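[1] this is a predicted model, with the sequence first.
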Amino acid sequence: MTEPHREITSWLTDMDGVLVHEGHAIPGAPEFVRALRDAERPFLILTNNSIFTARDLRARLASSGIDVPEESIWTSALATAQFLADQNPGGSAYAIGEAGLTTALYEAGYTLTESDPDYVVLGETRTYSFEAITKAVRLIKGGSRFICTNPDTTGPSVEGPLPATGAVAAMITAATQRDPYFVGKPNPMMFRSALNRIDAHSEHTAMVGDRMDTDVVAGIEAGLYTYLVLTGSTKIEDVDTYPFRPSEVKDSVADLVDLV
């Protein structure tokens, strides 16, 4: 389950299930990030979560014992804002989401408005309102283009799964007959924007993830060397059920410290 090893000089890694689990650092994660920083390797920590800003996530990681600079965190909200700024600089958007999304759009030069926006941008929030969804439906039917930060249909909570961006997007699609463009994983677009951010080449970059259906497949499609770690969603017995393979499977990120 390995391919000829490349020279890896840059790293992308997922966050939940790779570095942290339920607010606690996964063993080896602080050492892995410290090794990246000590070796001055370009790296980014990726997450489909669009609720929080990079500053918020830096604080959350720090509380678990993982010290990472704010500029080394790349969220689906940041990737979405970058995508829109590249597509239509200085545009306008009606955004459904939290500070992670609205801040990213604002800093990308976007105007947030409910009046004839270029885009309706749907992100994750714990308080989806019927009023906001209705507004989104009417704007999309009126000609605004439909963008989503990520396709995740559920998110975790202490009480159990919560409906997430993908589930709400499906409801809006049913009402408008318009499919959104999803920027976050498994769209390799998010990885391409991450590579551009750290000025890295796919041939010499590794992706570390815990999910075959997002991290690994997007990494493969972006041309990266892929490591699957078994501390999150995908178990070793699940790997053979997919028609593609990671470059290597490791028990955890702790097994990668010496490879940095």
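    Perfect, thanks for sending it.

[2] need the contact list for residue 60.
    20, 23, 52 (CB atoms under 8 Å, 6 or more residues apart in numbering). In short, each C-beta sits where N, CA and C put it, glycine included.

[3] just the element for the residue lying closest to the last one once chain neighbours are set aside, please.
    The shortest distance from residue 52 to any residue that is not its chain neighbour, by CB to CB, 6 or more residues apart in numbering, is 4.7 Å, and that residue is residue 100. Taking DSSP states H and E as the definition, one finds residue 100 inside helix 99-107.

[4] report the buried residues of that helix.
    Within helix 99-107, the residues scored as buried using 16 or more other CB atoms under 10 Å are 99, 100, 101, 102, 103, 104, 105.

[5] how about the CA coordinates for that helix, as CSV?
    Extracted in CSV, the C-alpha atoms of helix 99-107 (Å, rounded to 0.1, in the frame of the first residue of the first chain):
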residue,chain,number,x,y,z
ALA,A,99,-17.4,34.9,11.9
GLY,A,100,-15.1,32.5,10.1
LEU,A,101,-16.9,33.1,6.9
THR,A,102,-18.0,36.7,7.1
THR,A,103,-14.5,37.8,8.2
ALA,A,104,-12.8,35.9,5.4
LEU,A,105,-15.1,37.5,2.8
TYR,A,106,-14.7,40.9,4.2
GLU,A,107,-10.9,40.6,4.3
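
[6] what's the following helix or strand after it?
    In N-to-C order, the element after helix 99-107 by DSSP H and E is strand 111-112.

[7] could I get the average pLDDT for that next one?
    Across strand 111-112, the average pLDDT comes to 98.

[8] going forward, count from 72.
    In the new count, where the first residue is 72, that last one comes out as strand 182-183.

[9] give me the sheet partners of the helix or strand following it and which way each runs.
    As assigned by DSSP H and E, the chain's next helix or strand after strand 182-183 is strand 190-193. According to DSSP bridges, strand 190-193 forms sheet pairs with strand 163-167 (parallel), strand 216-219 (parallel).

[10] which residues sit against the longest one?
    Read that as strand 163-167. Contacts for strand 163-167 (CB under 8 Å, 6+ apart): 155, 172-173, 176, 181-185, 187-194, 196, 199, 203-204, 206-207, 210, 215, 218, 239.

[11] now stretch 174-183
    124, 146, 148-149, 151-153, 155-156, 160-166, 173, 192.

[12] and residue 198, what element?
    Going by DSSP H and E, residue 198 is not in any helix or strand.

[13] measure how buried it is and give me the count.
    Neighbourhood size, residue 198 [other CB atoms under 10 Å]: 7.

[14] on the three-state scheme, the residue lying closest to residue 247 once chain neighbours are set aside is what?
    Distance criterion CB to CB, 6+ apart; nearest residue to residue 247, sequence neighbours excluded, is residue 211 at 4.6 Å. Under DSSP: H, G, I helix; E, B strand; the rest coil, residue 211 falls in the helix class.
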